[in-house]
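**Student:** Sequence first, predicted model second:
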Amino acid sequence: MEKERVLEVQDLELHYFTRKGVVRAVDKLSFFLRKGETLGVVGESGCGKTTMGTALLNMPTPPGRIIGGKILLEGQDILMLSESELRRRVRWESIAMVFQGAMNCLTPVYTIEKQMRETLQQHRQMEKKDATDRMKNYLNLVGLSDDVLRRYPHELSGGMKQRVVIATALFLEPKVIICDEPTTALDVVVQAQIINLLKDLKEQVGVSFIFITHDLSIEAEVSDRILVMYAGRIAELGTNAQIYGPQGPAHPYTQRLLGATPRLHEEVEELAFIPGTPPDLVAPPEGCRFHPRCPVLLERCAHDDVPLREIEPDHMVACWRCFDE
Amino acid sequence: MSEPILVAENLTKWFPVKRSVTQVMRRERTWVRAVDGVSFSVEKGEIFGLVGESGCGKTTTGKLIMKLLDITDGRLMLQGEDVTHITGAALAQHRRHVQMIFQDPYASMNPRFTVEDVLMEPLEIHNVGKDRAERDVWVREILDEVKLSPPEEFLARHPHMLSGGQRQRAATARTLMLNPSVIVADEPVSMIDLSTRAEILAMMKQLQREMGLTYIYITHDLSTARYFTDRLAVMYLGKIIEMGKAGTLIDMALHPYTKALIGAVCEPVSGRVNRIKDVPIKGEIPAATNIPAGCRFHPRCLYSVPECWEEEEPTLADVGDGHMVACRRYREIQALGDAARTSDASLGLRRTA
C-alpha cells in the first residue's frame, strides 16, 4: 500500500533573471515526497539543488522567480498563497529548512533561549512557562541539556549549534524538513552523530525529510529514495537499493558520480572522475543536457530532448539508453 | 631505504592565550597547545598524510613545516639541515624548497592578478630566470603540466574567471614555479566538487611521479587520504596517535580514536541505509588549552581504565611494518573486538562501570 504523499511538486520552474540572461536553475521539476520518508537530492554545485530547496518554501533568492508549476502541500498549492498566509501557515509551520552552514544562522548577540522563543512567539500563543518547557523538550530531543538555553552561540561547538538549529526547525512540528548540506561544515564524528540524530527523529516524530547534499555516500546512509539532479533537471530518481544496489544506477551521470566517490575500504589505483564541467544554464546544450560529458552517448542524445520515464516501479531515468524502443 | 627529506622531532607550537587582569597579577599563563610534540619523517618522493578533526593541529603542523609560524620547541630538518630557527636569507631559501597549496584557492590568490601575474610573482620575488622571455616560457610549460591548456587561453584570466578546479590547478602551478622539494597541501580538494576532486588528485599524483615531488597532504577526509597517500598519521589534540601505511592503518586500525573516525565515515554502499551506526566515541573534542592528563584521548575513549589517566601518556610504539600506535590497551581492545566478532560476547566497555 502506498503511503500518503505530503508534498507533490509538479513542473516547478525557477529562473534567475541576471544581466547575462535567464538562468534556468530549476527546469520543470516534478517529484513527490511520501509521509515519513527521506528523499535525498544530490548533484554537483550549480545543479539547482539549493535553489529547489528555497523554491519549496516559496522563498526564491532574488533575482530568482518561480515562473511556473505547482507545489502541493497536502493538496494545497502553496504558490497560490499570499505572503502573510505563507508566513502564518507554511514556513516553519508545515515546512522548515535547515540551511547550509546553519550554525551561522544564529545571531551572536542573543541567547539561544531568545532566538528560539522568537520563532515560537511568531506562531503560537503560549504561556511563557509552557514555551520554556517546549523549548527544553525539543533541546532534549536533539540531545542537548536545558542549560543550553542560557548560552550564547559562541559558547557552543559546531555540532551543538547544528542541533539547536534542528530543534528550532522541529518544534513547530512541521510535516517536512528540508536539510541543505546540514553536515558539510562538521567533522566526521560530529557528522555521523547528526546523521544518526536525523534518522532517530524520523522514527520518533514521523516527519519527512528532503536531504540536499553533494555527497552520494551520505545519501546512501540517510535516504530512502534519491533524486539526482543535473543542470536543473532530474537525471535519475530511484530507491536506495536501485541506486546503490549491485546492478548500479541506470543513468551514466549517476554511475560516474558514484564512481568518483572514494570508498574507504577499497584499494583503488585510480579514482574515476567526470571530465568537463556542468553546462551554463543560460544556454544549456540541446538534447540531453549531459550529452557533452557522456561517455556512452547515442546519436539522438545531441538533439532530442530526453524525457523522464519510469523504467521499473519507483525508478525514473532521463536517458535514451535506458528506454526500450 | 632512501634518505628522509623532512624530519620533525618533537615539533611543538604553543600559542599564548590573552590573560585577564587577575591572571596577570597572579602570574598565570595559559597556552593553546596546538601542536604538542609531533615526530615523523618523510622520505623523498613520498606522500605523507596528516588526518584528524578540526582543531587537532594538522594545519598548524603544516604551517610549521612552511615556517609560517615560529616553532616553540623541537626540531625540524629539511634535507639533512636544521631549519628550526633559520631567519633572513636562509628562511627565504627554505620557502623556495617548501611550498604550500591552500584550502581555498580563491582566498589565496590576489583577485586583481591574472593567472600570469600569479605564476610570475614567485619568480620575481626569488629572482629566478634570467629575463622575462625565459620566465614566460616556464609559465607556459607549467600551465601545460597542470593541464590548463592551451596556456594562452588562461594567462590573461583573473581568478574569478576560473572554475574551482581550474583555480586549484593554477594554485598547484604556482607552487611548482620554484621547483620545490616538498609541497604542503592543506585540504586541497575539500572545496571542490566531488566530480572533479579525483581529477585534481590524479593530476597532483602524476606531477609527483614525474617531478619526484614529496607531498604532505593535510585533510580530514579519510577516503581521499587512503587513495592519495602512501603513509598516514592520525592526529588528536596536537599529537600523532597512530601512524602507518595508508591501507593498513585504515583496514587494521588499532587506536580507539582511529577506529571511531573510520566508523563515522559514510560509504556509498547499499544496505547501509538507516542502519544506525554507533560511533564508538563519547563527547566532544576538549579545548587545546586544557589537555587531559595521561592519555589525552581517555575522556572520550570507551575502553579507558584508571591507568590511562593516572599514568603517563603512552608514546608511539611500533607494532611491525612501520605501523605505530600510542595506546597502552591496543592489544586488549583488539582481542575484545575479535571476541565480539566470533561470539556475541559484549565488549568490555566502560559503559557499564
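**Tutor:** Ah, there it is.

**Student:** Which strands or helices does the helix or strand hosting A:Gln122 pack on?
**Tutor:** Using DSSP states H and E, A:Gln122 falls within helix A:112-123. Applying 3 or more Cβ pairs under 8 Å, 6 or more residues apart in numbering or on different chains; DSSP states H and E, one finds that helix A:112-123 makes contact with helix A:128-141, helix A:158-170. Yep, even glycine has a C-beta here, placed from its N, CA and C like the rest.

**Student:** Using neighbour counts, pick out the buried residues of the shortest one.
**Tutor:** Applying a neighbour-count criterion of 16 or more other Cβ atoms under 10 Å in any protein chain shown, the buried positions in helix A:158-170 are A:158-170.

**Student:** can you list the residues you listed in TSV and add distance to A:Gln125 and pLDDT?
**Tutor:** Listed next are the buried residues of helix A:158-170 as TSV, based on distance: Cβ to Cβ, whole Å; pLDDT from 0 to 100:
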residue	distance to A:Gln125	pLDDT
A:Gly158	34	82
A:Gly159	33	83
A:Met160	30	87
A:Lys161	28	89
A:Gln162	29	87
A:Arg163	27	88
A:Val164	24	91
A:Val165	24	91
A:Ile166	24	90
A:Ala167	21	90
A:Thr168	19	90
A:Ala169	21	89
A:Leu170	20	87
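
**Student:** which of those residues are close to chain B?
**Tutor:** For chain B, the contacts drawn from the buried residues of helix A:158-170 by Cβ under 8 Å from any Cβ of the partner chain are A:Gly159, A:Met160.

**Student:** now what about the helix ranked longest in chain A, what contacts it?
**Tutor:** What stands out as the longest helix in chain A, according to DSSP state H, is helix A:188-205. With contact meaning Cβ atoms under 8 Å, 6 or more residues apart in numbering or on different chains, helix A:188-205 is reached by A:36, A:38, A:141-143, A:157-159, A:162-163, A:166, A:170, A:173, A:179, A:182-183, A:186, A:207-209, A:211, A:218, A:221-222, B:53, B:220, B:222, B:260-261, B:263-266, B:274, B:276-277, B:279, B:281, B:284.

**Student:** Could you tell me which residues within it count as buried?
**Tutor:** The neighbour-count check on helix A:188-205 (16+ other Cβ under 10 Å) flags A:188-199, A:201-202 as buried.

**Student:** Enumerate every residue touching A:Phe17.
**Tutor:** Neighbours of A:Phe17 in contact, by Cβ under 8 Å, 6+ apart: A:Val23, A:Pro63, A:Gly64, A:Arg65.

**Student:** can you pick the most crowded of the residues you listed?
**Tutor:** A:Val23 (22 neighbours; other Cβ atoms under 10 Å in any protein chain shown).

**Student:** same question for stretch B:229-249, mean pLDDT?
**Tutor:** For stretch B:229-249, mean pLDDT is 94.

**Student:** Can you show me the CA trace of the longest helix of chain A as CSV?
**Tutor:** In CSV, the C-alpha atoms belonging to helix A:188-205 read as follows (Å, rounded to 0.1, in the frame of the first residue of the first chain):
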residue,chain,number,x,y,z
VAL,A,188,33.3,13.2,10.5
VAL,A,189,32.5,12.1,14.0
VAL,A,190,30.0,15.0,14.6
GLN,A,191,28.6,14.4,11.1
ALA,A,192,27.8,10.8,12.0
GLN,A,193,26.2,11.9,15.2
ILE,A,194,24.0,14.4,13.4
ILE,A,195,23.0,11.8,10.8
ASN,A,196,22.1,9.4,13.5
LEU,A,197,20.0,12.1,15.2
LEU,A,198,18.1,12.9,12.0
LYS,A,199,17.4,9.2,11.5
ASP,A,200,16.1,8.8,15.1
LEU,A,201,13.9,11.9,14.7
LYS,A,202,12.4,10.5,11.6
GLU,A,203,11.3,7.4,13.5
GLN,A,204,10.2,9.3,16.7
VAL,A,205,8.5,12.3,15.2
